[in-house]
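Enquirer: Need coordinates for the following:
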Amino acid sequence: MRLSSSSATEGIRKVGSTSSSLFWGAILSGMAALLGIVAVLQYRSNIQLSTAAEIRAGSNLQSLMMNWGLDFYGELSTVCIALQVGPDSGERDSWEDFTHRYAEWSHAGINHDAAESIYSNPDLIENIYVWVTSQSEKPRLLHLGADTDTIENANVPANLRTLLARLQANSSSLPLALRAWALHDSPGKRRPADGDHLSPLNLLQSNALHLLRSNGETGWQFDANIPAIVHPIIHHAHRHSGFPERLISGQSRVDWIVVVLNANTIQKRILPELAKRYFDQGEGREYKLAVIATGQMPQVFYSSDPGFGSQDIDAADSTMNIFSPSPESAEGQRWLSAKNGRPAPRAEWHRFSSPVWFPVIQYTSHQDPWILILQHRTGPIEAIVAKIWRRNLMIGGFVLLLLAASMGLVVIASQRAQRLAKLQLDFVTSVSHELLTPVAAIFSTGQNIRDGLIEGKADLLVHGSIITAQARQLKDLVDQILLFASTESQKRYILRPLQVSEILQCVSKNVAVLVDEGGFDFEQHVEADLPLVMGDLSALSHCLTDLIANAIKYSGRSRWISISAGVRRTGNQPKEVWISVQDHGIGISSSELPHIFEPFYRSPKVMDAQIHGTGLGLAVAKRIAEALGGRLSVTSEVDVGSIFTLHLRIASELYPETPFVPSEADLGIQE
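Expert: Predicted coordinates:
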């Protein structure tokens, strides 16, 4: 019957263990899947946030650069508006009219309420010339004097020869003159023929030849090498020069206004002011910037930092073509797409064109624009965004690890709580059994005596011994529970130097009855001249008594117990006295050794064998040892036996300078 009950109990335990394992396995799998989903979502969210941050930073930078370009364009184009030169102007204007306008603009005070005076910088203009190419005779160069308000013949400056030759070659008709900037000999370009007749009004409305981005500056073209801006004069009246008036058409030859810009003013004043206006955040510029002229003689026109701009511009965060490419080019078409509301690619802000257009006169097959380049002082924007992304990813990963650790701790705590609850339930069951057994025996014996079933003195003595034994067992059980409760409340012990022989003598008295009743061979092996140890006699006696009682309980068929004592030093540790209790009993498996000192723990093998106990004896012994400053260790092998060793501190090691026994006040120990 007992084997059947044991098998049933073991089966129930295995089924419960399997169900618990499946439950916690499902819980852990669900948690792992949830953490994986959160990790993936967080990773994708970080990527999206980083991309959005990069695009936002790029858009802000692009907006600043475009506004910078608009202001720079405004600085250069003010003189264009002041001279009032356009495809449909000048019908009754003479050279003197242009000179008067230039002189008035140069000497007028700056009125910021007037649109034409917002960017009034007379020192920006170095010289203004009229290149007369419409007459049949040899072309003439006229200089407009702002100071004297006069027109004078001038010799062709060396730096203007290439430009003037280009303008003369494109002066045969208005359509050709308006496209003088284009390199007509390049592949895919058709040179406008003289027969392409367009009136000035039709020319303004035509998108076949060019797409205009402004009205007041229409027709002006930029030479980046000088620098200078030029404009064809499509008709004029020679009332003041003695030439007869004649009708001008789209097939008529043109003259040219040539405005030579002051490069020093651009470099030293205009560009630094614009840089401060748009890129100075009050605590210093966040970006390094440079304006580079990439013409026949490439040069750094302006740089906010020495050496910046002379390296490879591909390393810059963003570059802007200041004067913009032609609308017919691929880059110009991208600008038109953005202007019409089509979304630009993500990296469009790395390279783009200004929203205004001064066609740059091309002398080679590739364009040589002026470009504005910017680079963040702490590194490329992509690297900064990537660093922020990595930092956010690390923070998110750390948070996930903390979450995973927290979930793991919750699972472990839940398992420990469940295990503790089971141990406590087993303890209640064991204690109930341990209490009921002696109570039932005492009750039965007393009932027999009361009913007069005891006739002789001998029977009375037997029943008296039964009552005494069961009462002692009941008392020991209550004492053990009370002692465990006292160790839970961290009871303080009175420490004093003790002789090892004194401790062993007290223990021998406590276990004499158990040893005699069990018929055990009890051996003692104690080294001579052992030093004094620090401890509480009652507590140490109870600890060793529990160890011997435990050896008796689990001795199996063996009836041998040994207690030994000695002194030794382990490594760099101070000397200690050890007291070992050894048996040849059933032993403890290696898987159970880490748990035997836990409260309420009892081996399933022991419970199946129906060996009485509460699971508190070893837990109490360990707590007593540690409370006295010592420790308790164990070595065991199944079916061979166990050795429990109590390690105690030596009094002379604790108080090497005190030859006398320390008092309780010296030790600072109280109840």
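
Enquirer: can you give me the strands for the stretch 351-500 of the chain?
Expert: Chain-ordered strands for the stretch 351-500 of the chain, with DSSP state E, counting those that start in this stretch as the definition, fall at 351-353, 370-376, 496-498.

Enquirer: Nearest approach to Ser50 belongs to which of those strands?
Expert: strand 370-376 (15.7 Å; Cβ to Cβ). C-beta coordinates here come from the backbone N, C-alpha and C atoms, glycine included.

Enquirer: Out of the strands of the stretch 351-500 of the chain, point me to the one whose mean pLDDT is lowest.
Expert: When the strands of the stretch 351-500 of the chain are compared on average pLDDT, strand 351-353 comes out lowest at a mean of 80.

Enquirer: Show me what it is packed against.
Expert: Of the remaining helices and strands, those touching strand 351-353 by 3 or more Cβ pairs under 8 Å, 6 or more residues apart in numbering; DSSP states H and E are strand 318-321, helix 330-339.

Enquirer: In terms of mean pLDDT, which of these ranks lowest?
Expert: helix 330-339 (a mean of 49).

Enquirer: ok now the host helix or strand of Leu514, how far from the chain's centre?
Expert: Secondary structure assignment for Leu514, by DSSP states H and E: helix 500-518. Going by Cα atoms, centre = their mean, to the nearest Å, the spacing between the C-alpha centre of helix 500-518 and its chain's C-alpha centre is 66 Å.

Enquirer: wait, doesn't Asn448 sit right on Gly464?
Expert: No: under the criterion of Cβ atoms under 8 Å, Asn448 lies out of contact with Gly464, with a separation of 11.5 Å.

Enquirer: For stretch 510-521, give the mean pLDDT please.
Expert: Throughout stretch 510-521, pLDDT has a mean value of 86.

Enquirer: contact partners of that stretch?
Expert: Residues outside stretch 510-521 that contact it (Cβ atoms under 8 Å, 6 or more residues apart in numbering) are 522, 541, 545, 548-549, 552, 555, 559-561.

Enquirer: Ranking by neighbours, what's the top pick from those?
Expert: The member of these surrounded by the most neighbours (other Cβ atoms under 10 Å) is Ile561, with 25 neighbours in all.

Enquirer: and the helix or strand hosting that one, which strands flank it?
Expert: Ile561 belongs to strand 560-568 when assigned by DSSP H and E. Here strand 560-568 has these sheet partners by DSSP bridges: strand 521-526 (parallel), strand 576-583 (antiparallel).

Enquirer: Distance to Ile27 for the ones you listed - can I get that in a markdown table?
Expert: Output for the strands paired with strand 560-568, formatted as a markdown table (distance: least, Cβ to Cβ, whole Å):
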| stretch | distance to Ile27 |
| --- | --- |
| strand 521-526 | 51 |
| strand 576-583 | 42 |
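
Enquirer: Relative to Leu141, which of those strands is closest?
Expert: strand 576-583 (112.2 Å).

Enquirer: quick one: average confidence on the closest one?
Expert: Strand 576-583 shows a mean pLDDT of 93 in the predicted model.

Enquirer: start at 3 instead
Expert: Sure, I'll start numbering at 3, so the last one becomes strand 578-585.

Enquirer: And it, what's buried?
Expert: Within strand 578-585, the residues that qualify as buried are 578-585, counting by 16 or more other Cβ atoms under 10 Å.

Enquirer: What of stretch 383-396?
Expert: Within stretch 383-396, the residues that qualify as buried by neighbour count (16+ other Cβ under 10 Å) are 383-384, 386-387, 391, 394.

Enquirer: Same check on stretch 515-531?
Expert: Of all the residues in stretch 515-531, those buried under the rule 16+ other Cβ under 10 Å are 516-517, 522, 524.

Enquirer: Tell me which two of the buried residues of strand 578-585 sit farthest apart.
Expert: Between any two of these (Cβ to Cβ), the greatest distance is 22.7 Å, for Glu578 and Asp585.

Enquirer: tell me which element Ala277 is part of?
Expert: Per DSSP H and E, Ala277 falls inside helix 273-281.

Enquirer: Show me what that helix is packed against.
Expert: In terms of contacts (3+ Cβ pairs under 8 Å, 6+ apart), helix 273-281 is packed against helix 4-85, strand 289-295, strand 301-305.

Enquirer: Figure out which of these is closest to Ala167.
Expert: Scanning the helices and strands packed on helix 273-281 with Cβ to Cβ as the criterion, the closest one proves to be strand 289-295, at 20.8 Å.

Enquirer: Now the closest one: average pLDDT?
Expert: Mean pLDDT, computed over strand 289-295, is 86.

Enquirer: Over to stretch 133-153?
Expert: Average pLDDT, stretch 133-153: 85.

Enquirer: distance between stretch 581-598 and the chain's centre?
Expert: 50 Å.

Enquirer: Quick check: which of the strands of the stretch 353-502 of the chain is buried the most?
Expert: Ranked by mean neighbour count, those are led by strand 372-378 with a mean of 23 (mean count of other Cβ atoms under 10 Å).

Enquirer: Provide the strand pairings for that one, with the direction of each partner.
Expert: Paired strands of strand 372-378, with direction, are strand 289-295 (antiparallel), strand 320-323 (antiparallel) (DSSP bridges).

Enquirer: Great, nothing more from me.
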